[in-house]
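Participant: Attaching a predicted model along with its sequence, questions to come.
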Amino acid sequence: QVQLVESGGGLVQPGGSLRLSCAASGFRLDYYAIGWVRQAPGKEREGVSCSGSGTYYADSVKGRFTISRDSAENTVYLQMNSLKPEDTAVYYCARKPLGCRREEYDYWGQGTQVTVSS
């Protein structure tokens, strides 16, 4: 059974850091691209980053966020630095069966809340 479980969200002050984790089970991460997607209240869903054959970042997070994966742990991480209030959202990890350059997702995690506020 394919599962993705996010963790690591929370409340942080502007300029702070958080590291999100996406633990995968039921499949090998090595064979799939994994994306991080966020959704803020009243806003459209936004693809933040993806790790597949390469790594990709939205312009809004480039230089501040870093995606990485640990094959032994079957986990993908999103290190978020220099956080801004506009980064506040629910963050989801999702499997992209056709790779980072395609929009399709087939499995999603439950999401983790990130709140950036003083």
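Facilitator: That came through fine. Numbers count the residues shown, from 1 in each chain.

Participant: how close does the most centrally placed residue in the chain sit to residue 105?
Facilitator: Closest residue to the average C-alpha location of the chain: residue 36 at 2.7 Å, with CA atoms, centre = their mean. Per CB to CB, to the nearest Å, residue 36 is found 11 Å from residue 105. Where you see a C-beta, it was placed from the backbone N, CA and C, and this is true even at glycine.

Participant: re earlier: ok, the residue nearest to the centre of the chain - contacts?
Facilitator: Taking CB atoms under 8 Å, 6 or more residues apart in numbering, we find residue 36 in contact with 20, 22, 47-50, 67, 76, 78, 91-94.

Participant: can you put the residues you listed in TSV and add distance to residue 8 and neighbour count?
Facilitator: Formatted as TSV, the contacts of residue 36 follow (distance: CB to CB, whole Å; neighbours: other CB atoms under 10 Å):
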residue	distance to residue 8	neighbour count
20	4	24
22	9	28
47	19	17
48	14	24
49	14	23
50	18	24
67	13	23
76	11	27
78	8	26
91	9	23
92	13	22
93	11	31
94	16	20
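
Participant: from those, which is closest to residue 57?
Facilitator: residue 49 (5.0 Å; CB to CB).

Participant: Any idea what that closest one is bridged to?
Facilitator: Residue 49 has these beta-bridge partners by DSSP bridges: residue 36, residue 57.

Participant: Can you list the neighbours in contact with stretch 61-71?
Facilitator: Taking CB under 8 Å, 6+ apart as the rule, stretch 61-71 contacts 29-30, 34, 36, 48-51, 55, 57, 75-83, 87.

Participant: Mind doing that once more with 10 Å?
Facilitator: 17, 19-24, 28-30, 34-36, 38, 46, 48-52, 55-58, 75-84, 87, 93 (CB atoms under 10 Å, 6 or more residues apart in numbering).
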